[in-house]
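[1] what would the 3D arrangement of this be:
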Amino acid sequence: MFPQQLNDSRAFDIAQAMLDGFNKHYRLFREAGRTAKRRFEQADWHGQQRAQRERIEFYDRRVEENAERLQVEFNASGLPMDVWQQIKLHYIGLLINHHQPECAETFFNSVTTKILHRNYFHNEFIFVRPAVSTEYIENDEPAATPTYRAYYPTRDTLRDAVLRMITNFQLEREFEDLGRDVDMVLAAVFKALGDFRPRANFQIQVLSSLFFRNKGAYAVGKIVNGFNELPFALPILHTERGQLIIDTALFGEDDLLLLFSFARAYFMVDMEVPSAYVQFLRSLMPRKPRAEIYNAIGLQKHGKNLFYRDLLNHQRHSSDKFRIAPGIKGMVMLVFDLPSFPFVFKVIKDFYPPQKDTTREQIMRKYLLVKQHDRVGRMADTLEFSNVAFPRSRFEDELIEELKTFCPSLLEISDRDGDGQEEVIINHVYIERRMIPLNIFLKDATPQQMEHAVVEYGNAIKDLVAANIFPGDMLWKNFGVTRHGKVVFYDYDEIEYITDCNFRRVPEPRNEEEELSGEVWYSVGKHDVFPETFGPFLLGNSQVRDIFMKHHADLLDAAFWQSHKERIAAGHVHDVFPYDPERRFSAQRRGVSGRQAAHF
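    Numbers count the residues shown, from 1 in each chain. Below is the predicted model of the structure:
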C-alpha cells in the first residue's frame with residue numbers, strides 16, 4: 001500500500017537528487033549525439049568508435065555515482081519502507097512535464113535496486129509498470145527543434161524538397177555533387193512507388209537528427225501519400241577525397257529492419273524527446289519491439305527494462321515451460337529457452353572441460369567487449385541481467401537438474417513469499433534473440449539455401465575481420481540464421497582482436513616422422529592461429545566444401561588474415577554496409593551529374 005500522506009521531507013530531497021542524477025546522464029548522452037555530427041564531418045572514425053564505446057559506460061557510472069550520493073547524504077539503505085514509497089510518489093510528480101520520463105523511471109529503478117533488497121522489487125517501490133505516459137510529448141519551447149520535419153512538395157517541386165531536406169541537416173562538409181545524388185534518390189523513389197500520383201496530403205516526414213554509426217550518417221523518414229506510407233533511409237558517406245555522397249536509398253520495413261538490426265552497434269542521435277523518435281520509428285517498423293528500438297538508438301538500459309516487462313507479460317499469457325535449448329550443448333554456456341518466446345537464455349557454467357582454458361571473469365569480459373564493439377551486423381546483441389526470478393512451475397525438471405549440475409553457484413530455488421510458490425532465481429544470465437543454429441539449418445537446406453547460407457557464413461567472418469574481431473571457435477553451431485537470412489555469430493567466449501592474433505602457416509615437416517605424426521609437432525603460441533587447419537573442422541560435407549572453396553577459400557590462407565591485421569594496425573577503418581553493396585549508387589554515379597538532371 002502507498003502511504004496516506006507525504007510527510008517526510010527527506011523523500012522529496014531524495015527524489016530530486018535521483019532526478020538530478022538522471023538529468024546529468026541524459027545531458028551527457030545528448031552531448032555524445034551532438035558531437036557525433038562533428039566527428040562525422042571531420043571523418044574522425046577512431047573518435048567515433050571510441051565515443052560509441054564510452055557512451056555505453058555512461059549509464060552505469062551515473063547510477064553508481066547517484067547511489068553513492070544517496071547513501072552518503074541520506075543513509076538511503078537505512079530508511080524505512082514508507083519513506084521509499086514516498087520517494088517514488090515525489091519522483092512521479094517531478095516527471096509530469098519531463099521530456100524523458102520513461103528513461104528517468106528506468107534510472108530510478110537502477111539506483112533503487114542497488115540500495116534495496118530484491119524483496120522490494122515490485123511496483124510499490126520501483127517502476128515495474130510505467131507511471132507517466134509518453135504519448136504526445138513534444139518540446140514546446142519556441143526555439144526547440146521538432147521531432148521531425150515535414151515537407152509538402154508537388155510532383156514538380158519534389159526535387160527541391162529533397163534538396164532542402166538534406167541541406168537542413170547543415171552538415172559542414174561539401175557534397176561531391178548533391179544535385180546528382182538527389183536525382184538518383186528520386187529515380188529510386190519513383191521506382192519504389194510504381195505508378196505514382198500525389199494525393200492531397202502528399203508529404204515527406206524526416207526525423208530532425210541524423211543517425212550516426214561508424215563511418216555513416218543516415219537520414220530516416222517516410223513518404224506519405226494518401227493511405228500509403230513508404231519508409232526510407234538515405235545513407236550519407238565520405239568519398240576517398242573527403243566529400244560527401246548519398247550512397248543509396250533504402251525503402252520499406254525490411255530495409256530498415258536490417259539497418260536497425262540487433263546485430264549492429266547502437267546509433268548516436270541527438271534526441272530531446274526519445275519516446276517521440278521511438279513512436280516515429282515504430283511507424284516505419286511496426287514488427288520491431290519498442291525495446292529493440294530503444295536499444296538501437298543507444299538507450300539500451302530502457303530497452304532492457306521494456307524487454308523485462310515484455311517477458312513478464314509473456315509469462316502471464318503463456319503456459320509452456322523453459323527447457324534446455326535444442327542443438328549441440330556448449331562447453332562454457334548452459335543455454336535454455338521458452339519455446340513460445342523468441343529469445344534464448346545463456347548462463348555461464350561453473351566449470352569447463354580442460355580444452356577451455358578460461359574463467360567466468362574472462363567470459364564476461366568477452367561479452368562486454370561485444371557490447372561495446374562495432375558488431376557490423378554479425379554479432380548478436382545481448383541483454384545482461386542479475387538476480388532474475390522465474391516461477392519454478394514453468395521450468396522442466398531436466399533443465400533444473402542441468403542448472404544444479406553445471407551452474408550451482410548461480411542458482412537459488414526458494415519460496416521467497418512463503419506462499420508455497422517456489423521461484424528459480426538465476427544470479428547472472430545473458431539473453432539473446434533466438435536464431436536457427438547454422439549447423440541445424442544446413443541439415444534441412446535445399447541446395448539454393450545451402451549455397452546462400454555458406455556464402456553468408458564466409459561473409460559474416462569477413463565482416464568480423466573488418467571490425468578487428470577473430471571469432472575463435474568458427475564451428476557452424478556458433479552461428480545462427482536470422483529471419484532475413486543473415487548469418488550472425490553468437491558464441492563469444494573465444495573471440496580476440498585480430499590485431500592480438502599471430503596468423504601463421506603450418507611449417508613444412510622436416511622429416512618423415514613429423515610428416516606422419518598424428519600430433520602437432522611444431523610450436524604453437526597462445527595467440528597463434530593456423531587458418532589452413534580450419535578445413536577439416538568445417539568442410540566435412542562435400543557440398544559445403546565446394547561452395548566454401550568457390551567463394552571463401554581465402555579464409556584458409558594466413559596471408560588473408562595477416563593482410564587485414566596489418567591494415568587495421570595501420571589505422572584503416574573498413575567500410576561495412578548495412579545493405580547489399582550492389583545497391584550503392586556507385587555505378588550510376590559515374591555517368592550522371594547534377595547538371596544533367598532528369599526531369600520527373
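
[2] C-alpha from now on. contacts and neighbour counts both.
    Will do.

[3] low-confidence ranges in the stretch 501-600 of the chain?
    514-518, 521, 587, 589-600 (pLDDT under 70).

[4] change it to 50
    592-600 (pLDDT under 50).

[5] for the stretch 201-350 of the chain, just list every one of the strands.
    203-207, 211-213, 216-225, 228-238, 244-246, 250-251, 323-324, 333-337, 343-348 (DSSP state E, counting those that start in this stretch).

[6] packing partners for the third one?
    If contacts are counted by 3 or more C-alpha pairs under 8 Å, 6 or more residues apart in numbering; DSSP states H and E, strand 216-225 sits against strand 203-207, strand 211-213, strand 228-238.

[7] between those strands, which one is closest to R483.
    Nearest to R483, of all the helices and strands packed on strand 216-225, is strand 228-238, at 19.9 Å by C-alpha to C-alpha.

[8] can you tell me which residues contact the residue positioned nearest the centre of the chain?
    With distances taken as C-alpha atoms, centre = their mean, F262 lies nearest the centre of the chain, 4.1 Å away. By C-alpha atoms under 8 Å, 6 or more residues apart in numbering, the residues touching F262 are E292, A296, G377, A380, D381.

[9] between those residues, which is closest to D580?
    Using C-alpha to C-alpha, these come closest to D580 at G377, 12.0 Å.

[10] correct me, but that closest one touches P578?
    Yes: G377 is within contact range of P578, at 7.0 Å (criterion: C-alpha atoms under 8 Å).

[11] so these two - more neighbours on which side?
    G377 (26 against 17; other C-alpha atoms under 10 Å).

[12] wait, Q300 sits on Y294?
    Yes: with contact defined as C-alpha under 8 Å, Q300 reaches Y294; the gap is 6.0 Å.

[13] so between these two, which is more surrounded?
    More crowded of Q300 and Y294, by other C-alpha under 10 Å: Y294, with 23 against 20.

[14] residue contacts, that one?
    Taking C-alpha under 8 Å, 6+ apart, one finds V278, Q300, H302, G303 in contact with Y294.

[15] just to revisit the earlier point, determine which two of the contacts of F262 are furthest apart.
    E292 and G377 (14.3 Å).

[16] any regions of the protein where pLDDT drops low?
    Ranges of the chain meeting pLDDT under 50: 592-600.

[17] and it, what are its domains?
    Domain assignment for the chain, taken from automatic domain parsing, gives 9-120, 148-301, 318-434, 440-577.

[18] of those, which is nearest Q588?
    Comparing the domains of the chain by C-alpha to C-alpha, domain 148-301 comes nearest, at 8.0 Å.

[19] how far does the closest one stretch from one end to the other?
    24 Å (C-alpha to C-alpha, to the nearest Å).

[20] can you check stretch 438-454 too?
    9 Å.

[21] and for stretch 90-109?
    The first and final residues of stretch 90-109 sit 14 Å from each other (C-alpha to C-alpha).

[22] rewinding a little: between the strands of the stretch 201-350 of the chain, which gets nearest to P146?
    Using C-alpha to C-alpha, the strands of the stretch 201-350 of the chain put strand 203-207 closest to P146, at 8.5 Å.

[23] helices or strands next to that closest one in the packing?
    Using 3+ C-alpha pairs under 8 Å, 6+ apart: strand 203-207 touches strand 148-151, strand 216-225.

[24] could you single out the most deeply buried of those?
    strand 216-225 (a mean of 21; mean count of other C-alpha atoms under 10 Å).

[25] just checking, what's the longest helix in the chain?
    For the chain, the helix with the greatest residue count under DSSP state H is helix 9-41.

[26] what's it packed up against?
    helix 45-74, helix 81-94, helix 101-115, strand 211-213.

[27] just how off-centre is that helix within its chain?
    22 Å (C-alpha atoms, centre = their mean, to the nearest Å).

[28] buried residues in that helix, which are they?
    Residues 10-19, 21-23, 25-26, 29-30, 32-37, 39-41 are the ones in helix 9-41 that count as buried (16 or more other C-alpha atoms under 10 Å).

[29] quick one, helices of the stretch 401-550 of the chain?
    For the stretch 401-550 of the chain, the helices defined by DSSP state H, counting those that start in this stretch cover 438-443, 447-466, 512-516, 535-538, 542-552.
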